[in-house]
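Q: one predicted model, sequence on top.
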Amino acid sequence: MHEQEIDWVALKARATELMERAYAPYSQYPVGVAGLVDDGRVVGGCNVENAGYGVTLCAECGMISELIATGGGRLVAVSCVNGSGATIMPCGRCRQLIWEHGGAECLLETPRGVLPMDQVLPQAFGPEDLEA
Ligand code: THU
């Protein structure tokens with residue numbers, strides 16, 4: 001899908017709605033994310049923290065879980081926001097999660113504009129490395 005065909009405003013609005021449901025009592029840093037799937041579905045998630053801080057689930061974990069639980073497919077566009085409604089970068093681990101299900105061409109809304117995943121996770125390790 002081409003960047004211009006993606007409704008980035010709607011995608012970010014969905015991410016913002018989900019951010020409002022975050023469970024982030026420890027960091028007070030709610031995050032929401034929404035992803036457009038190649039069949040038109042929109043999946044998403046919010047961060048879910050835990051008293052065992054390291055057990056925290058990033059918002060992207062929920063999004064990927066919904067993606068797979070609702071039938072899979074490829075992510076074509078992703079938008080991630082914080083509690084101020086600002087676009088944020090997924091953490092390194094979550095870029096890897098997005099890579100697995102969206103690959104190099106998946107578009108990510110970033111504070112520097114829309115970028116393909118291979119620009120925000122260069123030389124990524126991926127499924128094809130296991131086949132080599
Ligand atoms: N967080 C996410 O949900 N996704 C990211 O990509 C960055 C960080 C959450 C984890 C934690 O609950 C809070 O933001 C502060 O790190």
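A: On my side now, so go ahead. Residues are numbered from 1 along each chain as shown.
Q: what stretches of the chain score poorly on pLDDT?
A: 1 (pLDDT under 70).
Q: the spatially most central residue of the chain: which element?
A: Centroid-nearest residue in the chain: E60, 4.6 Å away (criterion: CA atoms, centre = their mean). In this assignment (DSSP states H and E), E60 forms part of helix 59-69.
Q: I'd like to know which elements that helix is packed against.
A: With contacts defined as 3 or more CB pairs under 8 Å, 6 or more residues apart in numbering; DSSP states H and E, the packing partners of helix 59-69 are strand 31-37, strand 42-46, strand 75-82, helix 92-102. Using the backbone N, CA and C atoms, a C-beta is placed for each residue, glycine as well.
Q: can you tell me how far the residue nearest to the centre of the chain is from N82?
A: From E60 across to N82, the span is 13 Å (CB to CB, to the nearest Å).
Q: show me what from this protein comes close to the ligand.
A: Residues of the chain lying close to the ligand (CB under 6 Å from any ligand atom) are 24, 27, 29, 31, 47, 49, 56, 58-60, 90-91, 94.
Q: now with 8 Å, please.
A: 22, 24, 26-27, 29-31, 33, 46-49, 56-61, 80, 82, 88-91, 93-94 (CB under 8 Å from any ligand atom).
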